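Trainee: The sequence isn't on hand, but the structure is:
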């Protein structure tokens, strides 16, 4: 059997250029955080109506992508798909890096980020947030061990599968926790649905794989390493299945809501009258983020395999962003139903659909989180033997 | 019983000096000595932490018929008492209590009423708070511990009554009995500082002063209290009864 050689990537000019850009983005994010913390969240677009804004969209997209990025490793060690084995290390590294980026965004948007120690030491176990803190930290630890048993040749390979199973189950629970942040909210008509957990899991599968594909192809091109069409086509095909699954849950969510008269107003807002939210739903989530990637992958459009994979992955990420924006911002923009049967007005915007314009600081923080994830991945593949030297198709 | 069940707001001098503030700094911490025993202080004394009465359940009854149109006495009184007056953007300003105008879609009938923290028996804000900063006293008053609130705003996502606000800007000239903090969440305290002294909330006092008498405050556990008698004698409802949160605030003639 041919042995896979893993080597650090070379510091090419492209790698350096990207690193400098990422450091720049992180610096801008850091400045934004300091600015917001000094002046208060008054300088952001968030308010007492839209309490979670763009930073939360970025944080959750990174956290959801993190759990999904681990799927490639799971397929190799849990489901014995040996073709993915050479990609397992990158899968683990990317999962940790994305989670790190997402958590940083989440923490740095707190009203009191200086009290992080309180969040790490004072737990309320009836809060899904508390469980998520433990799930996120545990995920990093388990994936670190998972990587270690894969990379340390003194560790017997028989340990890879059991730890892989633990990591796989853990990531399913973790994404259940992330979805349940919204699913367990009884207060708002857009949430309060057990479906949120499997919906987030399905989203993590497609989003995580899309991010993985893009990072994989980018790293191989940056370092002039060979990556064959076969593995890319295989991953793309899998991406298509995951996209279809994610769309299934999204359609189910809205059809179920449409069936219940009490949710008709909310659905009318999301599907028809929500302005930006409606546009993001139909064009971002459904058309560009769902149907077009499916057509690209399964319609075998006359482009080469890597191009198809790259475009489809970008569209899936765009669609996931749109979907989370619709869920997070759309779910808050629609008014509470405190007084069913009444038209309500107040100085606190009761009964009103509220708008949200994200500020530069929020965008900078979110992009900074992505940059942290990419930097961490880059540093890892530079100093550790993560990437196989050659992923070219095997000649038959 | 949770460590905070006996929490009461401490007495602070009306104008705490800088020296006194730092002298009290040593006490401005939360120390869990053992399960159930918590020293929580803001320069307060042990006596002031002696506690809420577990035998009581404080509540409010609001008679919507008596709530006068365009009267905002309760809102103004709460602002004055607790110092949360807005500073600019109405979307970002805090509102501990607000007047809501309701128009019946079927009949066109209009009513007004104040809405504030409903002091639920099973408060979703307390359930979701990751640090336990949102908590309920044994006497039913739901509060935010400003020392442990990290400003995640999950309680604001979870509250079905839109009763909570996030402090978006630096705050100055706070009332010593109602500490606020940039980057933390706040809401109606049912004027806990007054209640612990045997007084009634500022909104109720102001409503009485106008002569409308639309708000009744009292102990829901005491059958002889005015609020219990009123609740027993005519129909009242809770907001969002479908959620079964058993709020301490009730509305009559809604």
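Mentor: Structure's in. What do you need? Note that this is a predicted model, so its numbers are computed, not measured.
Trainee: Pretty sure residue B:123 sits against residue B:134.
Mentor: Yes - with contact taken as C-beta atoms under 8 Å, residue B:123 and residue B:134 are classed as touching, separated by 7.1 Å. Placement of C-beta: from N, CA and C, glycine included.
Trainee: which residues are in contact with both of these two?
Mentor: residue B:142 (C-beta atoms under 8 Å, 6 or more residues apart in numbering or on different chains).
Trainee: quick one: which of these two has more around it?
Mentor: Between residue B:123 and residue B:134, residue B:134 has the larger neighbour count (other C-beta atoms under 10 Å in any protein chain shown), namely 29 against 26.
Trainee: And residue B:146, how far from residue B:82?
Mentor: 13 Å (C-beta to C-beta, to the nearest Å).
Trainee: Quick check: neighbours shared by these two?
Mentor: Counting by C-beta under 8 Å, 6+ apart, nothing touches both residue B:146 and residue B:82.
Trainee: If you count surrounding residues, which of these two has more?
Mentor: residue B:82 (23 against 17).
Trainee: so what's residue B:98 bridging to?
Mentor: Beta-bridge partners for residue B:98, by DSSP bridges, are residue B:115.
Trainee: check which helix or strand covers the spatially closest residue to residue A:288 that is not a sequence neighbour.
Mentor: Closest residue in space to residue A:288, ignoring its immediate chain neighbours: residue A:315 at 5.4 Å, by C-beta to C-beta, 6 or more residues apart in numbering or on different chains. Under the criterion of DSSP states H and E, residue A:315 resides in helix A:305-325.
Trainee: buried residues in that helix?
Mentor: A:305-306, A:308-325 (16 or more other C-beta atoms under 10 Å in any protein chain shown).
Trainee: before we move on, what about stretch A:218-233?
Mentor: A:218, A:219, A:220, A:222, A:223, A:225, A:227, A:231, A:232, A:233.
Trainee: and what of stretch A:382-396?
Mentor: For stretch A:382-396, using 16+ other C-beta under 10 Å, the buried residues are A:382, A:384, A:386, A:387, A:388, A:391.
Trainee: which among those are in contact with chain B?
Mentor: Among the buried residues of stretch A:382-396, not one lies near chain B by C-beta under 8 Å from any C-beta of the partner chain.
Trainee: Just put those in TSV and tack on secondary structure and pLDDT.
Mentor: Shown next, in TSV, are the buried residues of stretch A:382-396 (DSSP: H, G, I helix; E, B strand; the rest coil; pLDDT from 0 to 100):
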residue	secondary structure	pLDDT
A:382	helix	96
A:384	coil	96
A:386	coil	95
A:387	strand	95
A:388	strand	95
A:391	strand	90
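Trainee: show me the contacts for the residue of the stretch 151-254 of chain B found nearest chain A.
Mentor: Closest contact between the stretch 151-254 of chain B and chain A, by C-beta to the nearest C-beta, is at residue B:151 (1.8 Å). Contact partners of residue B:151, counting by C-beta under 8 Å, 6+ apart, are A:110, A:111, A:112, A:115, B:166, B:183, B:184, B:185.
Trainee: My guess is the last one contacts residue B:157. True?
Mentor: No - here residue B:185 does not reach residue B:157: they are 10.7 Å apart, not a contact under C-beta under 8 Å.
Trainee: Looking at these two, which has the bigger crowd around it?
Mentor: Applying other C-beta under 10 Å to residue B:185 and residue B:157 shows that residue B:185 carries more neighbours, namely 28 against 23.
Trainee: Nearest residue to the middle of the chain?
Mentor: No chain was given, so I picked chain A. residue A:65 (2.7 Å; C-alpha atoms, centre = their mean).
Trainee: wrong one, chain B
Mentor: residue B:189 (2.2 Å).
Trainee: How about the residue lying closest to that residue once chain neighbours are set aside: which residues does it bridge to?
Mentor: Among residues not flanking residue B:189 along the chain, residue B:143 sits closest, at 5.8 Å (C-beta to C-beta, 6+ apart). Per DSSP bridges, the residues bridged to residue B:143 are residue B:135.
Trainee: Go ahead and list the helix or strand containing residue A:215.
Mentor: Going by DSSP H and E, residue A:215 is part of helix A:196-222.
Trainee: Could you check that helix against chain B for contacts?
Mentor: No - judged by C-beta under 8 Å from any C-beta, helix A:196-222 stays clear of chain B, getting no closer than 13.0 Å.
Trainee: What's the separation between residue B:143 and residue A:16?
Mentor: 53 Å.
Trainee: quick one: which of the two has more around it?
Mentor: Between residue B:143 and residue A:16, counting by other C-beta under 10 Å, residue B:143 is the more crowded of the two (24 against 11).
Trainee: Flag the shaky bits of chain B, pLDDT-wise.
Mentor: Confidence mapping of chain B against pLDDT under 70 gives the ranges B:1-51.
Trainee: at 90 what do you get?
Mentor: B:1-52, B:85-89, B:105-106, B:172-174, B:254 (pLDDT under 90).
Trainee: so who does the residue in the stretch 51-200 of chain A that chain B sits nearest to touch?
Mentor: In the stretch 51-200 of chain A, no residue comes nearer to chain B than residue A:111, which is 1.8 Å away by C-beta to the nearest C-beta. Contact analysis of residue A:111 by C-beta under 8 Å, 6+ apart lists A:41, B:149, B:150, B:151, B:152, B:153, B:166, B:167, B:182, B:183, B:184, B:185.
Trainee: which SS state does it fall under?
Mentor: Three-state call for residue A:111 (DSSP: H, G, I helix; E, B strand; the rest coil): coil.
Trainee: So it versus residue B:153, what's the distance?
Mentor: 7 Å.
Trainee: list residues touching both of those two?
Mentor: Common neighbours of residue A:111 and residue B:153 (C-beta under 8 Å, 6+ apart) are B:166, B:185.
Trainee: residue contacts, residue A:243?
Mentor: A:206, A:290, A:293, A:294, A:297, A:316, A:319.
Trainee: please redo it, this time with the cut-off set to 6 Å
Mentor: A:206, A:293, A:294, A:316 (C-beta atoms under 6 Å, 6 or more residues apart in numbering or on different chains).
Trainee: can you pull the pLDDT of it?
Mentor: Residue A:243 is assigned 98 on the pLDDT scale.
Trainee: on that earlier part again, mind giving me the PyMOL command for buried ones among the contacts of residue A:111?
Mentor: In PyMOL, a selection of the buried entries from the contacts of residue A:111 looks like this (16+ other C-beta under 10 Å):
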select buried, (chain A and resi 41) or (chain B and resi 149+150+151+152+153+166+167+182+183+184+185)
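Trainee: Now the two most distant members of the contacts of residue A:111.
Mentor: Using C-beta to C-beta, these reach their maximum pairwise distance at B:152 and B:182, which is 14.6 Å.
Trainee: Tell me what angle the longest helix seen in chain A forms with helix A:196-222.
Mentor: If you go by DSSP state H, chain A has its longest helix at helix A:229-259. Angle of helix A:229-259 versus helix A:196-222, following axes from the mean of the first three to the mean of the last three C-alpha atoms, to 10 degrees, is 150 degrees.
Trainee: what's the distance between helix A:229-259 and the middle of its chain?
Mentor: On the basis of C-alpha atoms, centre = their mean, to the nearest Å, helix A:229-259 sits 15 Å off its chain's mean C-alpha point.
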